[in-house]
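Participant: dropping a prediction and its sequence here:
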Amino acid sequence: MQPGSLVLLSGNANRPLADAIARHLHIHLCEATVGTFSDGEIRVQIHDNVRGADVFVIQSTSAPVNHHLMELLIIIDALRRASVQRITAVIPYFGYARQEKKTAGREPISAKLVANLMTTAGAVRVLTIDLTARAIEGFFDIPVDHLRAGPLLADHLRRQLPAARTAIVAPDEGAVDRASRFQERFGTQSKFAIILKHRPSPDVSEVRGMIGDVKGRACILVDDIVSTGSTLIQAADILMEQGATEVYAAATHAVLSQGAAERIQDSVITNLIVTDTIAIPAEKHFPKLTVLSVAPLLAQAIDRIETNRSISELFV
């Protein structure tokens, strides 16, 4: 293999996405065994010669989070010991991102620990999409390329909804910046609203009110993660009560925890648009779900990193 040759290697978290990225780059995935021994320990063996290669490891740390995280760490260690030139961890969905700060005494900051583990394993760069908090970039002592899926989602929806008759809605105060950037891409003729939410405990939220006027408009709720679906469902109910004509939801990461698919399908939400940063099993697909691929975006970013070109130009 030529020094600096581009190599893609995938763990088991989202092989369809890795295959799609490889197709866009017109290369094949590196041959490797990523499995388990009989006792459950993770087994990794790289079959191709990768000495001197520029390797990109594609692995979302999605459920089962700990297993996929360990796969990623062990793959990185195997590559480092195989004398590769550079290892970039491509993590479309960064698990533990919601544990980026202490909310009570005697709690860990798990996102920082995960960042330390990746660096220690041997990653020298991270490529990810829509971290819950941008501050997580600072948890790493290595470069982080932070992509945004908002333009992809906004472009999809603006082909369906006229901006002048639409409102962009942040489902909580933490989503205001994300929703604002979405509105810039979607169309500034649209109105803007904010749902006021209180979260008494993890995965439990209560809507307390709304700022903004959505009467007679289609609404688009913009968030980064759909987990239980309760935040979006409660927000959609409030919007319909306030006179919205219909409610769409756009989110990057479809965690879709137990029962979320059924709850969203039974809700007033017209359509939930997500990306494939997380592999969505067949049983979690439902009629109201639309999945857009981030493979072209990641392929472009990988090509730019490999050829030392600007990533920020992707969002101009």
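Facilitator: That came through fine.

Participant: can you pull the contacts of residue 122?
Facilitator: 76-77, 79-80, 87 (CB atoms under 8 Å, 6 or more residues apart in numbering). C-beta coordinates here come from the backbone N, C-alpha and C atoms, glycine included.

Participant: of those residues, which pair is most distant in space?
Facilitator: Spatially, the most separated pair among the contacts of residue 122 is 77 and 87, at 9.6 Å (CB to CB).

Participant: those two - which one has more neighbours?
Facilitator: Each of residue 77 and residue 87 has its neighbours counted (other CB atoms under 10 Å); residue 87 has more, 26 against 16.

Participant: beta-bridge partners for that one, please?
Facilitator: Under DSSP bridges, the beta-bridge partners of residue 87 are residue 55.

Participant: burial count for residue 273?
Facilitator: Counted with other CB under 10 Å, residue 273 comes out at 22.

Participant: again, but for residue 85
Facilitator: Neighbours around residue 85, by other CB under 10 Å: 16.

Participant: pretty sure it contacts residue 53?
Facilitator: Yes. Contact criterion CB atoms under 8 Å: residue 85 and residue 53 qualify, at 6.1 Å.

Participant: in three-state terms, label the residue nearest to residue 310 when sequence neighbours are not counted for me.
Facilitator: Spatial nearest neighbour of residue 310, excluding adjacent residues (CB to CB, 6 or more residues apart in numbering): residue 304 at 6.7 Å. Assigned by DSSP: H, G, I helix; E, B strand; the rest coil, the conformation of residue 304 is helix.

Participant: who's residue 44 bridged to?
Facilitator: Assigned bridge partners for residue 44, using DSSP bridges, are residue 34.

Participant: so it touches residue 79, yeah?
Facilitator: No. Residue 44 lies out of contact with residue 79 (CB under 8 Å); the separation is 9.2 Å.

Participant: please say which of the two ends up with more neighbours.
Facilitator: Using other CB under 10 Å, the more surrounded residue of residue 44 and residue 79 is residue 79, with 25 against 19.

Participant: which residues touch that one?
Facilitator: 9, 46, 50, 55, 57, 87, 122.

Participant: where does pLDDT dip in the protein?
Facilitator: For the chain, applying pLDDT under 70 flags the ranges 1-3, 199-205, 316.

Participant: buried set for the biggest helix by length in it?
Facilitator: Criterion DSSP state H: the longest helix present in the chain is helix 65-81. Using 16 or more other CB atoms under 10 Å as the test for burial, helix 65-81 gives 65, 67-79.

Participant: out of these, which comes closest to residue 102?
Facilitator: If you rank the buried residues of helix 65-81 by distance to residue 102 using CB to CB, residue 65 comes first, at 19.8 Å.

Participant: I figured that closest one hits residue 95, correct?
Facilitator: Yes. When contacts are counted by CB under 8 Å, residue 65 is listed as touching residue 95 (4.2 Å).

Participant: setting aside sequence neighbours, what's the nearest residue to residue 192?
Facilitator: residue 168 (5.5 Å).

Participant: hang on, that neighbour in a helix?
Facilitator: No. Under three-state DSSP, residue 168 falls outside any helix and is assigned strand.

Participant: quick one: residues contacting it.
Facilitator: Per CB under 8 Å, 6+ apart, neighbours of residue 168: 179-180, 182-183, 186, 190-193, 219-220, 222.

Participant: run the last query once more with 7 Å
Facilitator: 179, 182-183, 186, 190, 192, 220, 222 (CB atoms under 7 Å, 6 or more residues apart in numbering).

Participant: which of those fall within helices?
Facilitator: Counting by DSSP H, the part of the contacts of residue 168 found in helices is 179, 182-183, 186.
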